[in-house]
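Asks: With the sequence up front, the predicted model follows.
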Amino acid sequence: MVAIAESEGGSYHAKYGYGWAPGFQSGKWTFTDETTHPGAGYGGKTTASGMYQITIATWREYAGKMGLTDFTPNTQDLIAVDILRTLGVIDKIKAGDIPGAMPKAATRWAALPEGPGKKNHYPPQPYAEYPKFLESYKSAGGTVK
């Protein structure tokens with residue numbers, strides 16, 4: 001989860017908008033009310049918010065099916081894990097098959113590469129190079145087979 005968050009530039013209280021870039025995690029780029037998804041970010045171009053850049057549509061979908069009622073850090077973590085479960089990559093991640101999990105995970109997180117030597121699924125969105133993603137994953141305690 002840490003590697004996804006680092007690739008996305010996330011923070012539990014970051015609310016992004018058009019022109020957001022890593023490092024803009026204060027002031028107009030943040031939110032403090034965790035009672036619900038914060039909605040559109042600064043400039044109103046996107047609703048991607050929080051540690052894993054969860055859009056309001058994704059929050060509504062997962063909050064509804066999981067019975068979640070807020071947008072706290074715990075809720076954000078639960079949604080991210082359930083997204084990976086829904087994509088069918090949890091077992092691959094547990095087994096250390098990160099290259100095998102990346103193509104599907106990259107369809108939900110634009111900043112993820114699709115695997116070793118590959119770009120992301122959503123050009124021209126900036127993304128983490130695979131070696132950097134893998135380094136972050138291993139630094140957080142992840143293993144790779």
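Replies: It's in.

Asks: Just the CA trace of the host helix or strand of E135, in PDB.
Replies: Element membership for E135 (DSSP states H and E) is helix 130-139. Only the C-alpha atoms of helix 130-139 are listed here, as PDB (Å, rounded to 0.1, in the frame of the first residue of the first chain):
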ATOM      1  CA  TYR A 130       9.000   0.300 -12.100                       C
ATOM      2  CA  PRO A 131      12.400   0.200 -10.300                       C
ATOM      3  CA  LYS A 132      11.400   3.100  -8.000                       C
ATOM      4  CA  PHE A 133       8.000   1.500  -7.300                       C
ATOM      5  CA  LEU A 134       9.700  -1.800  -6.500                       C
ATOM      6  CA  GLU A 135      12.200  -0.100  -4.200                       C
ATOM      7  CA  SER A 136       9.400   1.600  -2.300                       C
ATOM      8  CA  TYR A 137       7.500  -1.700  -2.100                       C
ATOM      9  CA  LYS A 138      10.500  -3.500  -0.700                       C
ATOM     10  CA  SER A 139      11.400  -0.600   1.700                       C
END
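
Asks: and the spatially most central residue of the chain, what are its phi and psi?
Replies: Geometric centre of the chain, nearest residue: Y52, 2.7 Å, by C-alpha atoms, centre = their mean. Note on Y52: its backbone torsions stand at phi -110, psi 20 [degrees, to the nearest 10].
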